[in-house]
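Engineer: Requesting a structural model of the entry that follows:
(2 chains)
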Amino acid sequence: MTVYVLRRLAQTLLVLLLTSGLVFGGLYLVGDPVEILVNPQADQEERARSAAALGLDRPALEQYWIFLKGAFSGDLGKSFVFGRSALEVIIERMPATLELALLAMVMSVGLGIPLGLYAGLRPHGLAARAIMAGSILGFSLPTFWVGLLLIMVFAVQLGWLPSTGRGPTTEFLGVQVSILTWEGLRYALLPALNLALFKLSLIVRLTRAQVREQSLLDYIRFARAKGLKRARVIGVHLLKNILIPLITVIGLELGSVIAFAVVTETIFAWPGMGKLVIDSIFQLDRPVVVAYLLVTVFMFIMINLVVDLLYSALDPRVRIAEVKS
Amino acid sequence: MRRPVSASCALLQVRDLVTEFAGREGRLRAVDRVSFSLERGEILGLVGESGSGKSVTGFSIMGLVDAPGRIAGGSVKFDGVELVGMADGELRRLRGKRIAMIFQDPMMTLNPVLSIETQMLETVLAHDAVPRQEARRRAIEALGLVGIASPAERLAQYPHQFSGGMRQRVAIAIALLHRPDLIIADEPTTALDVTVQGQILYEMQRLVRESGAALVWITHDLAVVAGLADRVAVMYAGRIVEQGSTAEVLDAALHPYARGLLDSVPAANAAGGRLRQIPGMTPSLAHLPAGCAFRDRCAYADDACAAVPGITLRGSRQVRCHHPLFEAVS
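Structural biologist: You can find the predicted model right below:
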């Protein structure tokens, strides 16, 4: 188990190294940040000074080497735009994105699994058909449009919830969190719902398909033949089996919610990482973009590691120790 | 513990049971007016090809027929109590407690993600409010009974750590947990190796004799029935075409289909001779001929067979045929 986790962490380092190289190279090819950062009226000498100050006058490989040396001591470089540590800028924005992603996932899992279970157990009922039709809408409507619609209905017409921004924050374990108070949660509800809709539809459909497939298997019938109550047959025998494929998808989706909340964050003016990185790309703020991608990749890998560990906890046939070799 | 035997009342009495499945081709009768009865401690072999309705008959007795299927008529009396139309809650209390079932494929019947302990204890606790320790003790005892070595350690394991034969033993142990009056075994040896088949068969026979449970053994294998069952019922296309004591039926079947089934057992043929077989194929339920379902494949069929044959009695034997092979008995 420990060996397994250590090996996975070593792999993580390798992936991070590769990612940093790719992003560094890609951004180097896109353009020269000096063109954007320096006043167009500035003369040649001033431009050269700025470039030297940012370290942009050196050859590309040397710049990368300097970056790597810094990275191993935890320093991912200074933002060209903010003039502060890039990692700091990212981490400042991270709680906002994380809490939004978490709320969205709680919504989609909390609603998606029960709805999918219901639709799978009574596939021909009217309610099940309505759920399935709704999930097709959730799949196919574009996020930005749904976001605007949510604002129109709940913020403008009904006036129930605020339309933009992040609510007041409170400190929780040293992090600024907004969703722990009702006032802050109100701000987060609409963007989280917007973000959750696609995942919700996905989880509903996946759960239903799994329920339909697994209900026909003999172990369910055997469980009923033993005289178990329906609640136990569904809640333990069926649910534990369908959770195994669901966990994988939920993990992947959680990663993608954190990394790609850009559209929602933009519409609802949510001050998260997504909005930051879009701005940084436009300004060719290389350290921030690289730092952002490294942080995201790291989170993706961590989520997947947790998923794999959960997987082995749920499914006795996949005990981690056996995978070691 | 055991309930007093109500005099002259069969343990299980199935009368004109009809189970239908609604599908694209209309309603299909998987079980068509099936009748049989079973005394306490008796073993009935329910024999037929796949699709003959023998498994559905078993599920119908248990009340485990799922939509789009439903029991469309008839009666199933268990110890004098009508099971058809019984509320699901009441039926649940019988299932696993007084009527147990064993399935065909032991690889599929145990839940792969739950430990054997969980799956056994929940069965005990579903019917008896006993402490977990007592439930555990009963589970270990049942595992020992079916011949599983070091049952206490095995209890903590998961199904994938057992071989096919061992899994079936576990399933049998689960079925025996409450010492049921009736066990329905749906081809429990079909998916196993021949040597393991023999062991399981032997164990089942022993356990049934010891516990006094009645047994419905569903199978397509006449050889299995020969050594096990007191009586045999042969099913074809949803109907019981012949039933009687095992010796009588296997010696000289009265129904042409049952006769054909016996003749197609390789051991019944002279070595080197051509294997006899029933001409044609088992018809699908959607395209059954009117009247006797077997008449398209039957050498004795004539115009009379266009009508559904009634049941002809001869002693304790029943046959559903217009032209039973009485002359061949002598």
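Engineer: Setting the sequence-adjacent residues aside, check what's closest to the residue of the stretch 201-325 of chain A at minimum distance from chain B.
Structural biologist: Proximity of the stretch 201-325 of chain A to chain B (Cβ to the nearest Cβ) peaks at A:G227, 3.1 Å away. Placement of C-beta: from N, CA and C, glycine included. Nearest non-adjacent residue to A:G227, counting by Cβ to Cβ, 6 or more residues apart in numbering or on different chains: B:G96, 3.1 Å away.
Engineer: Check A:S178 too.
Structural biologist: For A:S178, ignoring the flanking residues on the chain, the nearest one in space by Cβ to Cβ, 6+ apart is A:G184 at 3.4 Å.
Engineer: how close does that neighbour get to A:E99?
Structural biologist: From A:G184 across to A:E99, the span is 9 Å (Cβ to Cβ, to the nearest Å).
Engineer: Next: A:K226.
Structural biologist: Taking Cβ to Cβ as the measure, A:K226 falls 44 Å from A:E99.
Engineer: Go through the host helix or strand of the residue nearest to A:S178 and flag the buried ones.
Structural biologist: Assigned by DSSP states H and E, A:G184 belongs to helix A:182-215. Neighbour-count burial for helix A:182-215, counted by 16 or more other Cβ atoms under 10 Å in any protein chain shown, picks out A:184-185, A:187-208, A:210-211, A:214-215.
Engineer: Ok, stretch B:191-209 next?
Structural biologist: Using 16+ other Cβ under 10 Å as the test for burial, stretch B:191-209 gives B:A191, B:L192, B:V196, B:Q197, B:Q199, B:I200, B:L201, B:E203, B:M204, B:Q205, B:L207, B:V208.
Engineer: Please tabulate those in JSON lines, including the columns pLDDT and secondary structure.
Structural biologist: JSON lines is the format used below for those (pLDDT from 0 to 100; DSSP: H, G, I helix; E, B strand; the rest coil):
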{"residue": "B:A191", "pLDDT": "77", "secondary structure": "coil"}
{"residue": "B:L192", "pLDDT": "78", "secondary structure": "coil"}
{"residue": "B:V196", "pLDDT": "81", "secondary structure": "helix"}
{"residue": "B:Q197", "pLDDT": "82", "secondary structure": "helix"}
{"residue": "B:Q199", "pLDDT": "82", "secondary structure": "helix"}
{"residue": "B:I200", "pLDDT": "83", "secondary structure": "helix"}
{"residue": "B:L201", "pLDDT": "85", "secondary structure": "helix"}
{"residue": "B:E203", "pLDDT": "82", "secondary structure": "helix"}
{"residue": "B:M204", "pLDDT": "84", "secondary structure": "helix"}
{"residue": "B:Q205", "pLDDT": "85", "secondary structure": "helix"}
{"residue": "B:L207", "pLDDT": "83", "secondary structure": "helix"}
{"residue": "B:V208", "pLDDT": "84", "secondary structure": "helix"}
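Engineer: so for stretch A:313-321, what's the average pLDDT?
Structural biologist: Averaged across stretch A:313-321, the pLDDT comes to 71.
Engineer: wait, isn't B:A171 in contact with B:M107?
Structural biologist: No - counting by Cβ atoms under 8 Å, B:A171 stays clear of B:M107, with 10.6 Å between them.
Engineer: out of the two, which sits in the busier spot?
Structural biologist: Ranked by neighbour count (other Cβ atoms under 10 Å in any protein chain shown), B:A171 and B:M107 place B:A171 first, with 26 against 17.
Engineer: which residues of the stretch 101-250 of chain B fall in strands?
Structural biologist: Counting by DSSP state E, counting those that start in this stretch, the stretch 101-250 of chain B has these strands, from start to end: B:182-186, B:214-219, B:231-236, B:239-245.
Engineer: Check the gap between B:A185 and B:V31 for me.
Structural biologist: Using Cβ to Cβ, we find B:A185 at a distance of 18 Å from B:V31.
Engineer: Comparing the two, which shows the higher neighbour count?
Structural biologist: Each of B:A185 and B:V31 has its neighbours counted (other Cβ under 10 Å); B:V31 has more, 30 against 26.
Engineer: Which positions within the helix or strand hosting the more buried one qualify as buried?
Structural biologist: Assigning secondary structure by DSSP H and E places B:V31 in strand B:26-38. By 16+ other Cβ under 10 Å, the buried positions in strand B:26-38 come out as B:L28, B:R29, B:A30, B:V31, B:D32, B:R33, B:V34, B:S35, B:F36, B:L38.
Engineer: pLDDT weak spots in chain B?
Structural biologist: B:1-9, B:267-273, B:327-330 (pLDDT under 70).
Engineer: make it 50
Structural biologist: When residues are selected by pLDDT under 50, those of chain B lie in B:1-7, B:329-330.
Engineer: residues from it in reach of chain A?
Structural biologist: B:59, B:62, B:64, B:88, B:92-97, B:100-101, B:103-105, B:108-115, B:122-123, B:126-127, B:158, B:160, B:171, B:174 (Cβ under 8 Å from any Cβ of the partner chain).
Engineer: show me what contacts B:A293?
Structural biologist: B:Y236, B:A237, B:G238, B:R239, B:P283 (Cβ atoms under 8 Å, 6 or more residues apart in numbering or on different chains).
Engineer: Make a markdown table out of those and add distance to A:I151.
Structural biologist: Shown next, in a markdown table, are those (distance: Cβ to Cβ, whole Å):
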| residue | distance to A:I151 |
| --- | --- |
| B:Y236 | 68 |
| B:A237 | 64 |
| B:G238 | 61 |
| B:R239 | 67 |
| B:P283 | 63 |
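Engineer: can you name the two of these that are farthest apart?
Structural biologist: Using Cβ to Cβ, these reach their maximum pairwise distance at B:R239 and B:P283, which is 12.4 Å.
Engineer: Who has more neighbours out of the two?
Structural biologist: Neighbours were counted for B:R239 and for B:P283 using other Cβ under 10 Å; B:R239 has more, 25 against 16.
Engineer: Skipping its backbone neighbours, what lies nearest the more buried one in space?
Structural biologist: Leaving aside its chain neighbours, B:R239 sits nearest to B:D32 (4.9 Å; criterion: Cβ to Cβ, 6+ apart).
Engineer: How about B:Y300?
Structural biologist: With Cβ to Cβ, 6+ apart, the residue lying closest to B:Y300 is B:H323, at 4.4 Å.
Engineer: Tell me the spacing between A:A188 and A:P95.
Structural biologist: Counting by Cβ to Cβ, the gap from A:A188 to A:P95 is 12 Å.
Engineer: And the residue nearest the centre of the chain?
Structural biologist: In the absence of a named chain, chain A is used. Of all residues in chain A, the one closest to the mean position by Cα atoms, centre = their mean is A:I258, 2.0 Å from it.
Engineer: Wait, chain B was what I had in mind.
Structural biologist: Nearest to the mean C-alpha position of chain B, counting by Cα atoms, centre = their mean, stands B:I218 at 2.9 Å.
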